[in-house]
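Asks: here is a sequence with its predicted model. Questions after.
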Amino acid sequence: KVVESQKGKTSGNCPPLEGGVVGQVVTRFPPEPSGYLHIGHIKAALLNDYYARTYQGKLIVRFDDTNPSKEKDEFEQAILRDLARLNIVGDQVTYTSDSFPRIADYARQLIREGNGYMDNTSQEQMREERMHGIESVNRNMSPEVALDLFEKMLLGHPDADGYCLRGKVDMQAKNKTLRDPVFFRTNSTPHHRTGTKYKAYPTYDFACPIVDSDEGVTHALRTTEYNDRDAQYYWVLDALKLRKVRIHSFARMNFVHSVLSKRKLQWFVDQGIVEGWYDPRFPTVQGVLRRGVTVDALREFILTQGASRRMVDMEWDKFWTINKRVIDPIAPRFFALDAERAVRLNIHGLPFTGVQGFTTALHPKNAELGNTVKRLSANMLIERDDAELFTVGEDVTLMRYGNVTITAINKNSDGEIISVDCKDHPEGDFKKTKLKITWLAQVDDVVPATLVEFDHLISKPKLEDGDNFIDHLTPVTRAEMHAIGDHGLRNLQYGDIIQLERRGYFRVDSPYVSKDKPLVLFMIPDGKQRAMS
Ligand code: ATP
Ligand code: MG
Ligand code: MG
């Protein structure tokens, strides 16, 4: 919701739209349904949404479905779901494929007016000619011949085999994108929406300006690497006498140790290196949410860090630091110990026998989260790494309970600690102890949990132009640890975010079912720890 006095006022990170009029701005987010959304796309989607809302205008979500070879209905559905997860709901959802008949009409107009021709020059030769400013032998084909070939191409008639439609722009232009770009090409793959109706499809370069103008877009946001193509975009609008659209450019967002390209991500999926597009190591919307980022943190990160026009390689640490600020006050806290390194702590002098529960806050600074019951008994478990720091006679604080005084540290013949004896010391001052440790009562129903940590899929921070990402894969990117934890962990649901005190933040990937189907928790990076530490 935009506050009345802030209408049309953008924040410092998002420069105002040139010629942006409150109430009249129309933006669009045009994903190609050829994969799942990644965080680069989120930047584009959020910026379009941001400008539409700030100017009290309209956001169009447009499926740019002009290449049937790569597109699927599955991806379309996933994109809409992911946008909804981020609270981005277009005022209108459109499909470039719905405009195919109109785009074909514009192509006919282009040809009729001498601004386009049909060409069957081979791709390789076309590239050569474009490089050297050589005109195609077909460039001066008459509009009648070109129109006939165009109609035949749309129908897949053999006479038009090998032909494409090219704009007759300028083969001498310094800006090579103006050297007679391809505007329509054949493709016999059935389209996921229009089936086999068309045998040729407009290119993005041709379809985008037409549909933008047709749909009433006032500001087309494009990443700066498209700057060279701006002239071509305007040429199409001019040649067809279409309403002007302003281009507003923003920087592409990249992340260190990551690839942000649907084609490359698809490779990981196809190789079985990841579980799928929702893998927690993936920079997809679903991947980062599953890893434990919150929607709020994601939005904040992109609108503050990512909105500038300068292209930067974003650091994951910053991303996770913002997330930590969001989750820390709302993540309930529990204890869990390394199952393989737990040792016994025998408490003597407790004022009760057996097991006794006591109530404690789930978060010491957030009463809204409510309480949990922790259980205490004479037979407790602590971690050996903590026990190794004990000295006899010293007070240690059992977090949330109070102090005990160490009376004996018992070792086996290898010198390894097997148990510790201590005395309850309720008057002890927990402010004076050096060691504050987590613990569990040794009871049957401690909750087994698998803690999973992930590393970056790509080992090199920044892939250079000549690098093939396949040569820079991190060999091992998943590590597991077996833990046992508080009784309260039993009630967690899929997607809950918690803190295991002294270990970090975690997101529930599968709830506890039984001893054989333990709770599975994914560690959420907090911007400080290195992954797989
Ligand atoms: P990919 O290489 O992942 O397939 P794309 O640009 O081909 O990306 P589209 O579905 O065509 O994918 O992109 C939809 C929108 O998202 C476009 O406006 C595009 O500019 C924007 N976009 C894609 N990647 C990034 C990125 N890394 N940073 C910012 N915006 C991006
Ligand atoms: Mg694209
Ligand atoms: Mg791309």
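Replies: Everything's here; your move. Ligands and ions are numbered 1, 2, ... in the order given.
Asks: looking at the longest helix along the chain now, give me its mean pLDDT.
Replies: If you go by DSSP state H, the chain has its longest helix at helix 39-54. Taken as a whole, helix 39-54 has a mean pLDDT of 94.
Asks: so it, near ligand 1 or not?
Replies: Yes. Against ligand 1, helix 39-54 shows contacts by C-beta under 6 Å from any ligand atom at 40-41, 43-44. Quick note: C-beta positions are derived from backbone N, CA and C, even for glycine.
Asks: what's the closest of the residues you listed to ligand 1?
Replies: Gly40 (2.3 Å; C-beta to the nearest ligand atom).
Asks: coming back round to it: would you turn the residues of helix 39-54 next to ligand 1 into a markdown table with neighbour count?
Replies: What follows is the residues of helix 39-54 next to ligand 1, written out as a markdown table (neighbours: other C-beta atoms under 10 Å):
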| residue | neighbour count |
| --- | --- |
| Gly40 | 21 |
| His41 | 22 |
| Lys43 | 24 |
| Ala44 | 21 |
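Asks: for the residues you listed, which one is nearest Ile322?
Replies: Lys43 (14.5 Å; C-beta to C-beta).
Asks: in the longest helix of the chain, which residues are buried?
Replies: 39-54 (16 or more other C-beta atoms under 10 Å).
Asks: again with stretch 194-210
Replies: 194, 198-210.
Asks: how deep is Lys434 tucked in, by neighbour count?
Replies: Residue neighbour count, defined by other C-beta atoms under 10 Å, stands at 10 for Lys434.
Asks: a strand runs through it, doesn't it?
Replies: No. Secondary structure of Lys434 (DSSP: H, G, I helix; E, B strand; the rest coil): coil, not part of a strand.
Asks: which residues does it contact?
Replies: Listed by C-beta atoms under 8 Å, 6 or more residues apart in numbering, the contact set of Lys434 reads Glu394.
Asks: tell me where the model's unsure across this protein.
Replies: 1-6, 12, 306-309, 529-533 (pLDDT under 70).
Asks: what are the pairing partners of the longest strand along it, and which direction each?
Replies: The longest strand of the chain (DSSP state E) is strand 402-411. Strand pairing for strand 402-411, determined by DSSP bridges: strand 395-398 (antiparallel), strand 417-424 (antiparallel).
Asks: quick one on the thing from earlier: could I get the residues of helix 39-54 next to ligand 1 as CSV with distance to Val21?
Replies: Formatted as CSV, those follow (distance: C-beta to C-beta, whole Å):
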residue, distance to Val21
Gly40, 29
His41, 27
Lys43, 24
Ala44, 22
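Asks: convert the C-alpha atoms of the longest helix of the chain to PDB, please.
Replies: Extracted C-alpha coordinates of helix 39-54, given in PDB (Å, rounded to 0.1, in the frame of the first residue of the first chain):
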ATOM      1  CA  ILE A  39      16.800 -14.600  -7.700                       C
ATOM      2  CA  GLY A  40      17.900 -12.600 -10.800                       C
ATOM      3  CA  HIS A  41      14.300 -12.800 -12.000                       C
ATOM      4  CA  ILE A  42      13.100 -11.800  -8.600                       C
ATOM      5  CA  LYS A  43      15.000  -8.600  -8.900                       C
ATOM      6  CA  ALA A  44      13.300  -7.800 -12.200                       C
ATOM      7  CA  ALA A  45       9.900  -8.800 -10.800                       C
ATOM      8  CA  LEU A  46      10.200  -6.800  -7.600                       C
ATOM      9  CA  LEU A  47      11.400  -3.700  -9.400                       C
ATOM     10  CA  ASN A  48       8.500  -3.800 -11.800                       C
ATOM     11  CA  ASP A  49       6.100  -4.400  -8.900                       C
ATOM     12  CA  TYR A  50       7.800  -1.600  -6.900                       C
ATOM     13  CA  TYR A  51       7.400   1.000  -9.700                       C
ATOM     14  CA  ALA A  52       3.800  -0.100 -10.500                       C
ATOM     15  CA  ARG A  53       2.800   0.300  -6.800                       C
ATOM     16  CA  THR A  54       4.800   3.500  -6.100                       C
END
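Asks: most remote residue from the middle of the protein, which is it?
Replies: Distance to the chain centre peaks in the chain at Gly349, reaching 53.4 Å (criterion: C-alpha atoms, centre = their mean).
Asks: contacting residues around Ile484?
Replies: Going by C-beta under 8 Å, 6+ apart, Ile484 touches 336-337, 339, 342, 381, 440, 446-449.
Asks: could you find the closest non-adjacent residue to the residue farthest from the centre of the chain?
Replies: Leaving aside its chain neighbours, Gly349 sits nearest to Asp424 (4.4 Å; criterion: C-beta to C-beta, 6 or more residues apart in numbering).
Asks: shouldn't that neighbour be in contact with His348?
Replies: Yes. Contact status for Asp424 versus His348: in contact at 7.0 Å, counting by C-beta atoms under 8 Å.
Asks: the two - which one has more neighbours?
Replies: Asp424 (19 against 13).
Asks: around ligand 1, which positions in the stretch 51-200 of the chain sit nearby?
Replies: Residues of the stretch 51-200 of the chain lying near ligand 1 (C-beta under 6 Å from any ligand atom): Asp64.
Asks: all strands of the stretch 51-200 of the chain, in order?
Replies: When secondary structure is read from DSSP state E, counting those that start in this stretch, the stretch 51-200 of the chain shows strands at 58-63, 92-95, 116-119, 164-167, 182-186, 200-202.
Asks: look up the closest residue to Leu260, ignoring the ones flanking it.
Replies: With sequence-adjacent residues excluded and distances taken as C-beta to C-beta, 6+ apart, Leu260 is closest to Gly40, at 4.3 Å.
Asks: sec struct for Leu489, please.
Replies: Going by three-state DSSP: Leu489 is helix.
Asks: how about it: what's its closest non-neighbour residue?
Replies: Leu489's closest residue in space is Val447 (C-beta to C-beta, 6+ apart), at 4.3 Å.
Asks: swap in Val236?
Replies: Among residues not flanking Val236 along the chain, Pro209 sits closest, at 4.3 Å (C-beta to C-beta, 6+ apart).
Asks: using PDB, list the CA coordinates for stretch 113-122.
Replies: The C-alpha trace of stretch 113-122 is given here as PDB (Å, rounded to 0.1, in the frame of the first residue of the first chain):
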ATOM      1  CA  GLU A 113       6.000  -1.000 -46.400                       C
ATOM      2  CA  GLY A 114       9.400  -2.200 -47.600                       C
ATOM      3  CA  ASN A 115      10.800  -2.600 -44.100                       C
ATOM      4  CA  GLY A 116      11.300  -6.300 -44.100                       C
ATOM      5  CA  TYR A 117      12.300  -9.200 -46.300                       C
ATOM      6  CA  MET A 118      12.500 -13.000 -46.300                       C
ATOM      7  CA  ASP A 119      15.900 -14.500 -46.300                       C
ATOM      8  CA  ASN A 120      17.300 -18.000 -46.700                       C
ATOM      9  CA  THR A 121      20.900 -17.200 -46.100                       C
ATOM     10  CA  SER A 122      22.500 -19.800 -43.900                       C
END
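Asks: list the buried residues of that stretch.
Replies: 115-119, 121.
Asks: out of those, what pair is the most spread apart?
Replies: Asn115 and Thr121 (18.2 Å).
Asks: rewinding a little: got the strands of the stretch 51-200 of the chain as CSV, with distance to Ser34 columns?
Replies: Listed next are the strands of the stretch 51-200 of the chain as CSV, based on distance: least, C-beta to C-beta, whole Å:
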stretch, distance to Ser34
strand 58-63, 10
strand 92-95, 14
strand 116-119, 26
strand 164-167, 21
strand 182-186, 17
strand 200-202, 14
